[in-house]
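> Fold the following.
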Amino acid sequence: MSKSSWKRAGLAATAAAVVLGATACQSGGDGDGKKGAAGSEGATHSGGQVTKALTAAFKKTAEAKSAKVSMTITAPEAVEGGGSTTMSGVMGWDPTVMDVKVTSSGAAALGGPAEVRTVWVDGVLYTDVGAAGAEAAEVFGGKRWMKMDLKAIAEGSGDKALEKQLAGNMDNMNQSPAESLAVLLESKDIKHVGSAKVDGVDTEHYKGSISVEEMVNKNDSLVLSKADRAEMIKAVKEAGITSYDTQVWVNGDGYPVKMDIAMASKEGPVTISAKYSEYGAAAQVEAPPAKDVIDFEQAMKDIDKQLKSVDEDLADVDKTLEGLNG
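Residues are numbered from 1 along each chain as shown. Next up, the predicted model:
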């Protein structure tokens, strides 16, 4: 497979990874949580109460292992597939699974469909290429789904920058909302903003900020083991993130129902606002039937052949025209 083909392949894989990888580092703005009656400054919790509440939320979320998610992501235009993306469906952690519908302005800019279903299971990403219509079905040999083993793509690309980017995004995909709470708990300035309603649900609103440099220097965690924390720091660095501004709304059952985290990165700011519901519901995610799947690398080889055939036809036309003009 030629390096130019891997470049083209990298665009598609990176776009998919950026969309899914962002689930690990939810971000966003001020959110739409409305202040409740207890949301006054005088009703805020002390530092010890905040730490206790968020530590409990971390443990409950980690144990739940799955939830329904609705998310809006905004990535810098400098990133392939950047722009605005919305995602909704079910996600699970430990193990990582996902079955979501993704609507992306970035995908449309790259010539893809506005909405596509994506399944992540057993470390492999499946994209519903059939959503792009008959032309796409012809390109992909009539198969409905394209299988992308991101680790294999990264290692086989021959492009160290792409390999590093995909490695970072894959590490991010293995994170959960609980680990986003772990990032918040790293902050020295966590605050309880007050009570608020999110979609009619009573919640407590917390926020905090931390730079990656501060995370590295802190060198401990209230909720993560040393190994898990080291893995989190590694993923954050590989993703090029330099700081987090995190907000979370926790319901009366102790689960985060909304998360807004604004991340600063080398490419620019990334913002995502995520809402979660139905924690602990079994995430029934299955890979598509093998008969409906084409491997990403094989698809790229087939496209290479088609492009080569077109080039040869164009060369023959050029020769014919030269003969006529001569």
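> contacts and neighbour counts: CA atoms only from here.
OK.
> hey, C-alpha coordinates of stretch 275-284 in CSV?
Only the C-alpha atoms of stretch 275-284 are listed here, as CSV (Å, rounded to 0.1, in the frame of the first residue of the first chain):
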residue,chain,number,x,y,z
LYS,A,275,-25.3,14.4,29.0
TYR,A,276,-25.7,10.9,30.5
SER,A,277,-28.6,8.8,31.6
GLU,A,278,-29.6,5.2,32.4
TYR,A,279,-26.4,4.4,34.2
GLY,A,280,-25.8,0.6,34.6
ALA,A,281,-28.2,-0.5,31.8
ALA,A,282,-26.5,-3.4,29.9
ALA,A,283,-24.8,-2.1,26.9
GLN,A,284,-25.8,-4.6,24.2
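> contacts for it?
Residues outside stretch 275-284 that contact it (Cα atoms under 8 Å, 6 or more residues apart in numbering) are 61, 63-71, 90-92, 97-98, 255-259.
> from these, which would you call buried?
Among those, those scoring as buried are 61, 64-71, 90-92, 97-98, 255-259 (criterion: 16 or more other Cα atoms under 10 Å).
> Pull out the buried residues from stretch 247-267.
By neighbour count on 16+ other Cα under 10 Å, the buried set for stretch 247-267 is 247-251, 254-265.
> what is the rounded mean pLDDT of it?
The average pLDDT within stretch 247-267 is 92.
> From one end of it to the other, what's the distance?
Start and end residues of stretch 247-267 are separated by 22 Å (Cα to Cα, to the nearest Å).
> mind listing what's buried in the longest helix seen in the chain?
Using DSSP state H, we find that the single longest helix of the chain is helix 296-325. Residues 296-297, 299-301, 303-304 are the ones in helix 296-325 that count as buried (16+ other Cα under 10 Å).
> From the contact counts, what lies against it?
helix 3-21, helix 134-139, strand 145-148 (3 or more Cα pairs under 8 Å, 6 or more residues apart in numbering; DSSP states H and E).
> So which of the contacts of stretch 275-284 belong to strands?
66-71, 90-92, 97-98, 256-259 (DSSP state E).
> quick one: secondary structure of residue 275?
strand (DSSP: H, G, I helix; E, B strand; the rest coil).
> Now it: closest residue in space that isn't a chain neighbour?
residue 258 (4.3 Å; Cα to Cα, 6 or more residues apart in numbering).
> for residue 256, same thing?
residue 250 (4.2 Å).
> The one you found looks like it's in a strand, true?
Yes: applying three-state DSSP, one finds residue 250 inside a strand.
> Point out the least confident one among the buried residues of helix 296-325.
For the buried residues of helix 296-325, the pLDDT minimum is residue 303, 66.
> In contact with residue 126, which residues?
118-120, 145-148, 287-288.
> same thing but at 6 Å, please
Counting by Cα atoms under 6 Å, 6 or more residues apart in numbering, residue 126 makes contact with 118-119, 146-147.
> Repeat that for residue 91.
Applying Cα under 6 Å, 6+ apart to residue 91 gives the contacts 66-67, 97-98.
> who does it bridge with?
residue 67, residue 98 (DSSP bridges).
> per-residue pLDDT, it?
91.
> now residue 153
We have a pLDDT of 72 for residue 153.
> Count the residues that sit near it.
19 (other Cα atoms under 10 Å).
> Could you do residue 152 as well?
12.
> Three-state assignment for it, please.
What three-state DSSP gives for residue 152 is helix.
> And residue 69, how far from residue 91?
For residue 69, the distance to residue 91 - Cα to Cα - is 7 Å.
> Look at residue 59 and give its secondary structure.
Under three-state DSSP, residue 59 falls in the helix class.
> per-residue confidence for it?
The score at residue 59 is 95. That number is its pLDDT.
> what do you get for residue 81?
Note on residue 81: pLDDT of 51.
> do the same with residue 198
So residue 198 comes in at 96 (pLDDT).
> Please name the bridge partners of it.
Applying DSSP bridges to residue 198 yields these beta-bridge partners: residue 201.
> The one 10 residues further on now?
Counting by DSSP bridges, residue 208 forms beta bridges with residue 246.
> so who does it touch?
Residues near residue 208 by Cα under 6 Å, 6+ apart: 187, 189-190, 246.
> Just to be sure, which of the residues you listed are found in strands?
residue 246.
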